[in-house]
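J.: sequence below, structure please.
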Amino acid sequence: MKKLIAIIVLVTILSFSAFTDIKIAALTLTEPYGVGDFVTALDALISADTTIDLILGPAEALGGDSNKARIIFSDTSGIITLAPADTFTRSREVYNALVAAKTLAERYEITIIPGTLWEVDTNYRCFESAPIIGPDGEIARVRRKAHQYVTDPLVDPGIRLDTVITRDGDIYTYMLSITNESRDLAPLYSAFDDTADILLIATRRWITDFAGVVDVIEAGCPPDWSYISAYFPPSEIEGLVDNGWARPEAPIVIDCFDRVAAADFTANLLPAYRPIDEWFIYRDYIATSDWIIVTCEPDSPLTKSVLKAVIIAHDTLGNPVESVYINYGPAGEIPSRSGWTDEYGIFTFTTCAEDSYYFLLSADSCIIEPEETTIFVGYDAPACTIEVTVMLDTVYYVGESNLPKNVELSAQPNPFNSACRITAPGPVEIYDINGQLVRAIRESPLPNRSTIWNPGKDIGSGIYLLRCTTEAEPMEIKLIYLK
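T.: As a prediction, the model looks like this:
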């Protein structure tokens, strides 16, 4: 927990009231990548903001599949020194990069965790390790990655919390996890009496679609839990909370090599721990193509109320309708997120961002009224309920648009991955690339109408041909379905 270093009481009070934040940065490194690029990126980050307290680099930043450099660390009278473990140029380059990081850490009084490298001990045993460089420029310790499923006396002493002292004198504890080991820390190691104020994860390729996860996290909305579970299993950090390694409200910073960096709060990623109708947020969040910088107060993080839009789907008799498909996103953009109504006919969209949102609804062979709607959610009206009626449609007609008389055949979005809107001046037939008829829409000519086509589970991904027959001439366009 946070402790304040005081010289006199008055200074302590002023420091506590005005300077209680910690500023954490994470580097974004992508391939092709050289060790010199790490030093350049680190120097550019610090030049952009010299008030950073802690910098995190990704796993394999200085050693991995593409860099077999070896570094040996020695502890002499409590001072950790380093040297190349061999005469290869790549080991000398990594050594020089670490010396440069030590110099920057001391010059700007920043704690730097440069990511992982290959460490070799005096018996030539190899470890994936992350040196932790203190604000005095010295290596405070070397954190070795834990093994999967088993403990190791050469690793075990390093599985513990670390502390960071901010430039304002505050002390926070943090837990550093390397790639997928967070799933093994909770069952293999007992937590200490204290719990981590901050979670740091240096990773590479552990999260299947990290860029997608970041988009979900940083969209200003609570994440889609199914998406997070599929690509970034919350259970692997949930164990750290359940076993006492970290507090639910701990900020979490994840740096993934060759992808991007992201930050959130642990509770935001764990539905069981998120406060009802609240969402933890950073005081400041700066994201560029080269780094992220976040500022927060781990002991008392800011929260925002969760804004909601609830869609209730029912039939003409008032019975709930399950599995109505909903595409949604900010108004004026092609909707990129989606969901379904549940067994009670309810779909809930939550966000912390005041904005207008567009919803496009579809159900195979059904009319939905209204089929689309745009609403504004804001703190003056934090909850909005939309009721829609779902009716069976024998000709698959959804709605009539105010279109010009000379309407063209079109499909939006194209490509699409769930449902698309087809606008045509007459009947439309959809064929696959083999010329087989997939669907005939509007058997009778109903000009100037738009239809929502949801291919359903039986239609595979691929290129389809839309053909519209009119009195003038046939129209054709290609439609790409990405399932």
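J.: now do the contacts for residue 50.
T.: Going by Cβ atoms under 8 Å, 6 or more residues apart in numbering, residue 50 touches residue 108. Yep, even glycine has a C-beta here, placed from its N, CA and C like the rest.
J.: what pLDDT does the model give it?
T.: Note on residue 50: pLDDT of 96.
J.: and the average pLDDT for the biggest helix by length in the chain is what?
T.: Ordering each helix of the chain by length in residues (DSSP state H) puts helix 89-108 first. Averaged over helix 89-108, pLDDT sits at 96.
J.: which elements pack onto it?
T.: Contact partners of helix 89-108 among helices and strands, from 3 or more Cβ pairs under 8 Å, 6 or more residues apart in numbering; DSSP states H and E: helix 35-48, strand 71-76, strand 79-84, strand 111-113, strand 126-133.
J.: just the residues contacting the shortest one, thanks.
T.: It refers to strand 111-113. By Cβ under 8 Å, 6+ apart, strand 111-113 touches 42, 53-57, 101, 104-105, 130-135, 164-165, 176, 200, 202.
J.: grab the nearest non-local neighbour of residue 63.
T.: Nearest in space to residue 63, with sequence neighbours left out and distances taken as Cβ to Cβ, 6 or more residues apart in numbering, is residue 117 at 3.6 Å.
J.: then residue 103?
T.: Per Cβ to Cβ, 6+ apart, closest to residue 103 is residue 137, 6.6 Å.
J.: helix, strand or coil for residue 239?
T.: Secondary structure assignment for residue 239 (DSSP: H, G, I helix; E, B strand; the rest coil): helix.
J.: skip the chain neighbours and tell me the closest residue to it.
T.: Distance criterion Cβ to Cβ, 6+ apart; nearest residue to residue 239, sequence neighbours excluded, is residue 186 at 3.2 Å.
J.: ditto for residue 348
T.: Nearest one to residue 348, counting by Cβ to Cβ, 6+ apart, is residue 310 at 5.1 Å.
J.: looking at this protein, which helix or strand is least sure?
T.: In the chain, no helix or strand scores lower on mean pLDDT, DSSP states H and E than helix 9-18, which sits at a mean of 36.
J.: give me the phi and psi angles of residue 372.
T.: Per-residue torsions, residue 372: phi -150, psi 150 (degrees, to the nearest 10).
J.: correct me, but it touches residue 359?
T.: Yes: with contact defined as Cβ atoms under 8 Å, residue 372 reaches residue 359; the gap is 6.5 Å.
J.: neighbours of residue 343, how many?
T.: With neighbours defined by other Cβ atoms under 10 Å, the count for residue 343 comes to 9.
J.: about what we covered before: what sits up against the helix or strand hosting the residue nearest to residue 348?
T.: Using DSSP states H and E, residue 310 maps to strand 307-314. With contact meaning Cβ under 8 Å, 6+ apart, strand 307-314 is reached by 320-321, 324, 326, 341, 345-354, 357, 359, 361, 368, 375, 377-379, 382-390.
J.: report the buried residues of stretch 353-372.
T.: If you call a residue buried by 16 or more other Cβ atoms under 10 Å, then stretch 353-372 has these buried ones: 357-364, 366-368, 371-372.
J.: just those: which has the poorest pLDDT?
T.: residue 364 (76).
J.: report the secondary structure state of residue 342.
T.: Following three-state DSSP, residue 342 is assigned to coil.
J.: what about the nearest residue in space to it that is not next to it in sequence, which SS state?
T.: Nearest residue to residue 342 in three dimensions, chain neighbours excluded: residue 322, at 6.5 Å (Cβ to Cβ, 6+ apart). Following three-state DSSP, the label given to residue 322 is coil.
J.: just the pLDDT for residue 322.
T.: At residue 322, pLDDT is 90.
J.: so it makes contact with residue 347?
T.: No: in this structure, residue 322 is not within contact of residue 347 by Cβ under 8 Å, at 10.2 Å.
J.: and the two? which has more neighbours close in?
T.: Between residue 322 and residue 347, residue 347 has the larger neighbour count (other Cβ under 10 Å), namely 23 against 14.
J.: the more buried one pairs with what?
T.: residue 311 (DSSP bridges).
J.: so what pLDDT did it get?
T.: So residue 347 comes in at 94 (pLDDT).
J.: so who does it touch?
T.: The neighbours of residue 347, taking Cβ under 8 Å, 6+ apart as the test, are 310, 311, 313, 324, 326, 339, 340, 341.
J.: bridging residues for the fifth one?
T.: To tie it back to what came earlier, the one meant is residue 326. Counting by DSSP bridges, residue 326 is bridged to residue 339, residue 361.
J.: could you measure from it over to residue 39?
T.: From residue 326 across to residue 39, the span is 48 Å (Cβ to Cβ, to the nearest Å).
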